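Chemist: coords below, sequence missing:
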């Protein structure tokens, strides 16, 4: 009886062990790359997986760098095996002095203390390419963007698991916000890819992350000015608000205001100015945004631009007029409360020549309130601010109108003249636009919408934006993947199957790359302030040699589409901001020294290392024949060895072995 119990114990432990081992073995490998490349779900043999500018596959090492008050990002890609792997999670919430202590799940306090964020990448099946609005010709259209393309980013936390499908990638996006008080230097931590709460055993499941904090601080007020609209008005609660409330028109004012504020704060976290402009007179909520009170800890915000007032405001967005009395109320309000804020009346959107006389009359009547329209500069219009469509933007015309006292901005994005904001474009496409903005001295970049969940222009009504990549159509036959969609709804009462369970908006990879470009510009501004215009010129020549009307509509883009090249040029600029501590490879007290695997030398791109030696089952052995059993958990290996030792002492067990 005792022998049978012992034998069945061994069998049970072995069975449990191989069940656990099988779940780990289904992960082929885990690898990393920076934020400038989209990796499709089906690209399981991606060329960057063997090594790239931030990832040393042999050493299991990730290296990123950034300035204080900057958010740096990288991606972690898990590659699935022959069957599904359940309960996959990523653990990473501290590196050096940067951590997530004291964070809350309350969406009204989501950003307080949240310096590290991990997101699950959500993939879209792109079967129809965007056309007519994002690129003007076949030559300008980005290649190889059909298939399972990632864009929506859904927050995950340590212990919150997802499933990894067989023979597919699952990407995770990691943001690290570097607080202003962080000392310059290099810090290290571990990032873990877990299955069932236990670190898996494939190559890359546990990797060292090295963050180099540069001796520079990005400003709270971005040099690249932006304006991004969202459909969050009380006048159109059947659009964005419908995703967050079962009865959007019946939701309380305080609840609607809270959802709106979370959108403003998400945009601020990405250095972008969100606006609405649906009121005929100033409101208390507007006053709080202009004063910066809406972006304080007491209001639930922490991060770049904390306590800084909003820098622009549009009155009656997409078209309206004001009486003389209303104009005075607005001009007095801004003169008293926000004298440095750029405000204007949005007179008409994309007007036809037949509307020019009406626009001129409105612009004259509302003075001193500035007037704005989305139109290329023309002498036929007497507005104060023009916003030109990229295909119509003329560099010399913009200069002449600017010299005459007008403001010439730009809106949306269309290849090859600028980057686009389409989902089926390369990752760096939105990142290009702030560089164009800087190079050609464009004061502000306007993107028309960020929450286009209801395709009213195409007459389709509500769109399930988590399952249908085509969210925008119109009567002219345009179809667009992700147009006007940079925020995804965290909650969805219209399409319950796509409800992500968050009472707040969720970001996109395109939003992250717009932020990346805005931060890149700050490096150029700092470099120029150090007298290094030569480096700035070289950076722009390498990445954005030509744009706007310097390229014709029938050409391919002149700007660089390869995210690795962007990474390399950025690392060259970073050399200007390395402190003495960073330069000699030392670390602040309390951090262990780490190998310097920085890709800053040469062209900034690390040559791909030799692929790791496979143990024959997709598991790294690291020289130990027992490595594949080493993380089975619960002391299983010791118990198994103990049972085997006892069995050898038993004649009956030896007999069973021989048989």
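Modeler: Happy to help now that I have it. This structure is a prediction, so every number in the text was calculated from the model and none was measured.
Chemist: measure residue 175 to residue 93 for me?
Modeler: According to C-beta to C-beta, to the nearest Å, residue 175 and residue 93 sit 12 Å apart. C-beta here means a position set from N, CA and C on the backbone, and glycine is covered the same way.
Chemist: and if you look at residue 546?
Modeler: Taking C-beta to C-beta, one finds residue 546 at 43 Å from residue 93.
Chemist: one step back: overlap of the contact sets of residue 175 and residue 93?
Modeler: residue 116 (C-beta atoms under 8 Å, 6 or more residues apart in numbering).
Chemist: So between residue 546 and residue 93, which is more surrounded?
Modeler: More neighbours surround residue 93 than the other of residue 546 and residue 93, with 19 against 16 (other C-beta atoms under 10 Å).
Chemist: wait, what's in contact with the residue nearest to that one when sequence neighbours are not counted?
Modeler: Counting by C-beta to C-beta, 6 or more residues apart in numbering, residue 93 lies nearest to residue 100, which is 4.5 Å off, once chain neighbours are set aside. Contact partners of residue 100, counting by C-beta under 8 Å, 6+ apart, are 93, 94, 113, 114, 115, 116.
Chemist: In terms of helices and strands, where is the most centrally placed residue in the chain?
Modeler: Using C-alpha atoms, centre = their mean, the residue of the chain that lies closest to the mean C-alpha position is residue 512, 2.4 Å off. Using DSSP states H and E, residue 512 falls within helix 509-529.
Chemist: all strands for the stretch 151-300 of the chain, in order.
Modeler: In the stretch 151-300 of the chain, the strands defined using DSSP state E, counting those that start in this stretch lie at 162-164, 169-178, 185-195, 198-199, 206-217, 225-229, 274-275.
Chemist: Reformat the ones you listed into TSV and put distance to residue 249 next to each item.
Modeler: Output for the strands of the stretch 151-300 of the chain, formatted as TSV (distance: least, C-beta to C-beta, whole Å):
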stretch	distance to residue 249
strand 162-164	35
strand 169-178	35
strand 185-195	44
strand 198-199	48
strand 206-217	45
strand 225-229	21
strand 274-275	23
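Chemist: Mean neighbour count and distance to residue 330 added to the ones you listed, as CSV?
Modeler: Shown next, in CSV, are the strands of the stretch 151-300 of the chain (neighbours: other C-beta atoms under 10 Å; distance: least, C-beta to C-beta, whole Å):
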stretch, mean neighbour count, distance to residue 330
strand 162-164, 18, 48
strand 169-178, 23, 35
strand 185-195, 21, 48
strand 198-199, 17, 58
strand 206-217, 21, 35
strand 225-229, 22, 17
strand 274-275, 24, 14
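Chemist: Can you lay out these as a markdown table showing mean pLDDT and distance to residue 104?
Modeler: Formatted as a markdown table, the strands of the stretch 151-300 of the chain follow (pLDDT from 0 to 100; distance: least, C-beta to C-beta, whole Å):
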| stretch | mean pLDDT | distance to residue 104 |
| --- | --- | --- |
| strand 162-164 | 92 | 22 |
| strand 169-178 | 98 | 16 |
| strand 185-195 | 96 | 22 |
| strand 198-199 | 94 | 27 |
| strand 206-217 | 98 | 24 |
| strand 225-229 | 98 | 26 |
| strand 274-275 | 98 | 23 |
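Chemist: and residue 363, which of those strands is closest to it?
Modeler: strand 225-229 (19.0 Å; C-beta to C-beta).
Chemist: Spell out the residue ranges of the strands in the stretch 451-600 of the chain.
Modeler: Remark: strands assigned in the stretch 451-600 of the chain by DSSP E, counting those that start in this stretch are 454-455, 461-462, 470-473, 479-481, 488-489, 505-506.
Chemist: Which neighbouring elements make contact with the last one?
Modeler: By that I understand strand 505-506. Secondary-structure packing of strand 505-506 (3 or more C-beta pairs under 8 Å, 6 or more residues apart in numbering; DSSP states H and E): strand 147-156, helix 253-269, strand 488-489.
Chemist: thinking again about what came up before, so how do I select the buried members of the contacts of residue 100 in PyMOL?
Modeler: One line in PyMOL is enough to select the buried members of the contacts of residue 100, burial here meaning 16 or more other C-beta atoms under 10 Å:
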select buried, resi 93+114+115+116
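Chemist: residues contacting residue 173?
Modeler: Contacts of residue 173 (C-beta under 8 Å, 6+ apart): 35, 73, 75, 118, 119, 120, 121, 153, 509, 512.
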